[in-house]
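In: what's the 3D shape of this:
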Amino acid sequence: MDYNLNFAVVWRNFDALLAGLGLSLGLAVVSILIGAVLGLITAFALMAKHPLVRLPARAYVTVIRNLPILVLVLFAYFALPQMGLRLSKIHSFVLVLSLYSGAYLAEVFRAGLLSIPKGLTEAGLAIGLTGMQIRKSIIAPLMLRNVLPSLSSTVISLFKDTSLAAAIAVPELTFAARKINVESFRVIETWIVTSGLYVATCFLIAISLRLIERRLALPR
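Out: Just a heads-up that it's a prediction; the model follows:
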(Lines give C-alpha, C1' and ligand atoms only; values in the text may rest on other atoms or scores of the structure.)
Protein backbone atom coordinates (compact mmCIF):
# COMPACT_ATOMS: atom_id res chain seq x y z
CA MET A 1 0.00 0.00 0.00
CA ASP A 2 1.50 3.32 -1.11
CA TYR A 3 0.09 5.84 1.37
CA ASN A 4 2.11 8.63 2.95
CA LEU A 5 0.80 10.13 6.15
CA ASN A 6 0.36 13.88 6.00
CA PHE A 7 -1.17 15.58 9.03
CA ALA A 8 -0.74 19.12 7.69
CA VAL A 9 -4.39 19.49 6.65
CA VAL A 10 -5.59 18.17 9.98
CA TRP A 11 -3.40 20.56 11.95
CA ARG A 12 -4.61 23.49 9.85
CA ASN A 13 -8.15 22.59 10.85
CA PHE A 14 -7.32 21.60 14.40
CA ASP A 15 -9.24 24.61 15.76
CA ALA A 16 -12.41 23.18 14.18
CA LEU A 17 -11.80 19.88 15.94
CA LEU A 18 -11.27 21.66 19.26
CA ALA A 19 -14.46 23.67 18.74
CA GLY A 20 -16.30 20.42 18.01
CA LEU A 21 -14.81 18.84 21.13
CA GLY A 22 -15.96 21.81 23.19
CA LEU A 23 -19.49 21.42 21.86
CA SER A 24 -19.39 17.68 22.56
CA LEU A 25 -18.42 18.37 26.16
CA GLY A 26 -21.13 21.01 26.47
CA LEU A 27 -23.77 18.64 25.13
CA ALA A 28 -22.60 15.93 27.50
CA VAL A 29 -22.49 18.13 30.60
CA VAL A 30 -25.93 19.70 30.07
CA SER A 31 -27.55 16.37 29.17
CA ILE A 32 -25.98 14.51 32.08
CA LEU A 33 -26.99 17.19 34.60
CA ILE A 34 -30.59 17.08 33.37
CA GLY A 35 -30.44 13.30 33.16
CA ALA A 36 -29.08 13.04 36.71
CA VAL A 37 -32.06 14.97 38.08
CA LEU A 38 -34.45 12.91 35.99
CA GLY A 39 -32.67 9.69 36.95
CA LEU A 40 -32.77 10.50 40.67
CA ILE A 41 -36.50 11.23 40.55
CA THR A 42 -37.08 8.06 38.55
CA ALA A 43 -34.98 5.98 40.95
CA PHE A 44 -37.12 7.06 43.90
CA ALA A 45 -40.23 6.36 41.80
CA LEU A 46 -38.95 2.86 41.04
CA MET A 47 -38.67 2.25 44.78
CA ALA A 48 -42.19 3.53 45.47
CA LYS A 49 -44.78 1.12 46.80
CA HIS A 50 -47.71 2.66 44.87
CA PRO A 51 -48.02 1.10 41.38
CA LEU A 52 -49.24 4.38 39.84
CA VAL A 53 -45.84 5.85 40.68
CA ARG A 54 -43.68 2.77 40.14
CA LEU A 55 -45.11 1.42 36.86
CA PRO A 56 -44.74 4.61 34.73
CA ALA A 57 -41.14 4.93 35.93
CA ARG A 58 -40.47 1.29 35.05
CA ALA A 59 -42.06 1.77 31.62
CA TYR A 60 -39.88 4.83 30.92
CA VAL A 61 -36.67 3.03 31.88
CA THR A 62 -37.56 -0.12 29.97
CA VAL A 63 -38.54 1.64 26.75
CA ILE A 64 -35.60 4.05 26.63
CA ARG A 65 -32.98 1.43 27.56
CA ASN A 66 -34.22 -0.91 24.82
CA LEU A 67 -34.15 1.65 22.01
CA PRO A 68 -30.96 2.59 20.12
CA ILE A 69 -30.06 6.18 20.88
CA LEU A 70 -29.65 6.89 17.16
CA VAL A 71 -33.30 5.94 16.60
CA LEU A 72 -34.31 8.34 19.37
CA VAL A 73 -32.19 11.13 17.88
CA LEU A 74 -33.71 10.71 14.43
CA PHE A 75 -37.22 10.48 15.88
CA ALA A 76 -36.78 13.68 17.90
CA TYR A 77 -35.35 15.65 15.00
CA PHE A 78 -37.50 14.39 12.13
CA ALA A 79 -40.69 13.04 13.67
CA LEU A 80 -41.46 15.49 16.47
CA PRO A 81 -41.87 18.43 14.05
CA GLN A 82 -44.57 16.40 12.27
CA MET A 83 -46.33 16.23 15.65
CA GLY A 84 -46.12 20.00 16.16
CA LEU A 85 -43.00 20.14 18.36
CA ARG A 86 -40.15 21.89 16.55
CA LEU A 87 -36.73 21.89 18.17
CA SER A 88 -33.33 22.96 16.91
CA LYS A 89 -30.68 20.35 16.19
CA ILE A 90 -28.90 20.97 19.46
CA HIS A 91 -32.05 21.13 21.56
CA SER A 92 -33.45 17.93 20.08
CA PHE A 93 -30.18 16.10 20.78
CA VAL A 94 -29.97 17.43 24.34
CA LEU A 95 -33.56 16.28 24.89
CA VAL A 96 -32.75 12.77 23.67
CA LEU A 97 -29.45 12.42 25.53
CA SER A 98 -31.08 13.74 28.72
CA LEU A 99 -33.88 11.18 28.51
CA TYR A 100 -31.39 8.46 27.61
CA SER A 101 -29.00 9.31 30.44
CA GLY A 102 -31.91 9.62 32.86
CA ALA A 103 -33.02 6.06 32.13
CA TYR A 104 -29.53 4.63 32.66
CA LEU A 105 -28.75 6.76 35.70
CA ALA A 106 -32.08 5.74 37.25
CA GLU A 107 -30.85 2.14 37.45
CA VAL A 108 -27.47 3.30 38.80
CA PHE A 109 -29.17 5.37 41.49
CA ARG A 110 -31.67 2.61 42.28
CA ALA A 111 -28.79 0.22 42.95
CA GLY A 112 -27.30 2.84 45.26
CA LEU A 113 -30.57 3.26 47.10
CA LEU A 114 -30.85 -0.50 47.63
CA SER A 115 -27.39 -0.51 49.22
CA ILE A 116 -28.41 1.92 51.98
CA PRO A 117 -29.46 0.23 55.25
CA LYS A 118 -33.11 0.74 56.15
CA GLY A 119 -32.06 1.58 59.68
CA LEU A 120 -30.90 5.02 58.52
CA THR A 121 -34.44 5.90 57.44
CA GLU A 122 -35.81 4.68 60.76
CA ALA A 123 -33.18 6.72 62.62
CA GLY A 124 -34.14 9.82 60.66
CA LEU A 125 -37.81 9.31 61.52
CA ALA A 126 -36.88 8.78 65.15
CA ILE A 127 -35.27 12.23 65.41
CA GLY A 128 -38.26 13.91 63.77
CA LEU A 129 -37.14 14.30 60.14
CA THR A 130 -39.73 14.17 57.39
CA GLY A 131 -39.49 11.72 54.49
CA MET A 132 -38.25 14.48 52.16
CA GLN A 133 -35.63 15.62 54.67
CA ILE A 134 -34.39 12.06 55.07
CA ARG A 135 -34.05 11.64 51.29
CA LYS A 136 -32.28 15.00 50.90
CA SER A 137 -29.95 14.94 53.91
CA ILE A 138 -29.24 11.25 54.49
CA ILE A 139 -30.17 8.95 51.63
CA ALA A 140 -29.13 11.02 48.59
CA PRO A 141 -25.58 11.92 49.82
CA LEU A 142 -24.81 8.33 50.84
CA MET A 143 -26.27 6.96 47.63
CA LEU A 144 -24.12 9.30 45.51
CA ARG A 145 -20.99 8.11 47.30
CA ASN A 146 -21.94 4.49 46.70
CA VAL A 147 -22.62 4.91 42.98
CA LEU A 148 -19.64 7.07 42.00
CA PRO A 149 -17.67 4.16 40.42
CA SER A 150 -20.64 3.13 38.28
CA LEU A 151 -21.49 6.75 37.60
CA SER A 152 -18.03 7.38 36.16
CA SER A 153 -18.34 4.71 33.48
CA THR A 154 -21.85 5.90 32.61
CA VAL A 155 -20.70 9.52 32.23
CA ILE A 156 -17.84 8.49 29.92
CA SER A 157 -20.18 6.34 27.84
CA LEU A 158 -22.65 9.21 27.50
CA PHE A 159 -19.88 11.59 26.45
CA LYS A 160 -18.94 9.18 23.65
CA ASP A 161 -22.62 9.02 22.64
CA THR A 162 -22.45 12.71 21.69
CA SER A 163 -20.77 11.55 18.46
CA LEU A 164 -24.23 10.46 17.28
CA ALA A 165 -25.22 14.11 17.07
CA ALA A 166 -23.33 14.15 13.76
CA ALA A 167 -26.28 12.22 12.30
CA ILE A 168 -28.37 15.40 12.42
CA ALA A 169 -25.48 17.74 11.51
CA VAL A 170 -24.74 19.06 14.98
CA PRO A 171 -21.17 20.44 14.58
CA GLU A 172 -19.58 18.43 17.39
CA LEU A 173 -16.25 16.59 17.18
CA THR A 174 -17.25 13.71 14.91
CA PHE A 175 -19.08 16.04 12.52
CA ALA A 176 -16.04 18.33 12.35
CA ALA A 177 -13.81 15.33 11.65
CA ARG A 178 -16.11 14.11 8.87
CA LYS A 179 -16.06 17.56 7.31
CA ILE A 180 -12.25 17.63 7.29
CA ASN A 181 -12.19 14.09 5.96
CA VAL A 182 -14.52 14.89 3.05
CA GLU A 183 -12.68 18.09 2.12
CA SER A 184 -9.14 16.75 2.38
CA PHE A 185 -9.46 12.99 1.74
CA ARG A 186 -6.94 12.41 4.57
CA VAL A 187 -8.98 9.63 6.13
CA ILE A 188 -6.36 7.96 8.33
CA GLU A 189 -4.87 11.18 9.65
CA THR A 190 -8.23 12.74 10.46
CA TRP A 191 -9.52 9.79 12.42
CA ILE A 192 -6.21 9.19 14.21
CA VAL A 193 -6.28 12.74 15.58
CA THR A 194 -10.00 12.56 16.35
CA SER A 195 -9.59 9.25 18.16
CA GLY A 196 -6.73 10.75 20.16
CA LEU A 197 -8.95 13.64 21.24
CA TYR A 198 -11.70 11.25 22.36
CA VAL A 199 -9.26 9.03 24.26
CA ALA A 200 -7.54 11.98 25.95
CA THR A 201 -10.87 13.55 26.95
CA CYS A 202 -12.28 10.29 28.33
CA PHE A 203 -9.05 9.77 30.27
CA LEU A 204 -9.28 13.25 31.81
CA ILE A 205 -12.95 12.70 32.69
CA ALA A 206 -12.07 9.38 34.34
CA ILE A 207 -9.22 10.95 36.33
CA SER A 208 -11.42 13.87 37.45
CA LEU A 209 -14.22 11.57 38.59
CA ARG A 210 -11.73 9.30 40.36
CA LEU A 211 -10.39 12.30 42.30
CA ILE A 212 -13.93 13.28 43.26
CA GLU A 213 -14.59 9.69 44.32
CA ARG A 214 -11.52 9.67 46.57
CA ARG A 215 -12.39 13.06 48.03
CA LEU A 216 -15.92 11.97 48.95
CA ALA A 217 -14.95 8.49 50.14
CA LEU A 218 -15.75 7.73 53.77
CA PRO A 219 -12.63 7.40 55.96
CA ARG A 220 -11.80 3.85 57.00
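In: chain center to the helix or strand that contains Ser152: distance?
Out: Per DSSP states H and E: Ser152 is located in helix 140-161. Taking Cα atoms, centre = their mean, to the nearest Å, the mean C-alpha location of helix 140-161 is offset from the chain mean by 9 Å.
In: before we move on, what about stretch 36-56?
Out: 19 Å.
In: ok, and for it, which residues are buried?
Out: For stretch 36-56, a neighbour-count test (16 or more other Cβ atoms under 10 Å) marks Ala36, Leu38, Gly39, Leu40, Thr42, Ala43, Phe44, Ala45, Leu46 as buried. From N, CA and C alone the C-beta is placed, and that goes for glycine too.
In: Report pLDDT for the fifth one.
Out: By that I understand Thr42. We note a pLDDT of 94 for Thr42 in this prediction.
In: so where does it fall, helix or strand?
Out: helix 14-46.
In: can you give me how far that helix is from the chain middle?
Out: For helix 14-46, the distance to the chain centre is 5 Å (Cα atoms, centre = their mean).
In: For the remainder of this discussion, apply numbering that starts at 729.
Out: Got it, the first residue is 729 from now on, which makes the last one we talked about helix 742-774.
In: Beyond it, next helix or strand please.
Out: helix 779-793.
In: by contact count, what packs against the helix or strand just after that following helix?
Out: Per DSSP H and E, the first helix or strand lying C-terminal to helix 779-793 is helix 797-802. Helices and strands touching helix 797-802, by 3 or more Cβ pairs under 8 Å, 6 or more residues apart in numbering; DSSP states H and E, are helix 817-842.
In: can you give me the angle the helix it packs on makes with helix 779-793?
Out: Interaxial angle, helix 817-842 versus helix 779-793 (axes from the mean of the first three to the mean of the last three Cα atoms, to 10 degrees): 120 degrees.
In: got a pLDDT number for Ile862?
Out: Looking at Ile862, its pLDDT stands at 73.
In: Same question for the one 10 residues further on.
Out: Confidence at Leu872, expressed as pLDDT, is 78.
In: From Ala904, how far off is it?
Out: Using Cβ to Cβ, to the nearest Å, Leu872 is found at 34 Å from Ala904.
In: Neighbour count for these two, which is higher?
Out: Under the neighbour definition other Cβ atoms under 10 Å, Leu872 and Ala904 were set side by side, and Ala904 has more, 25 against 15.
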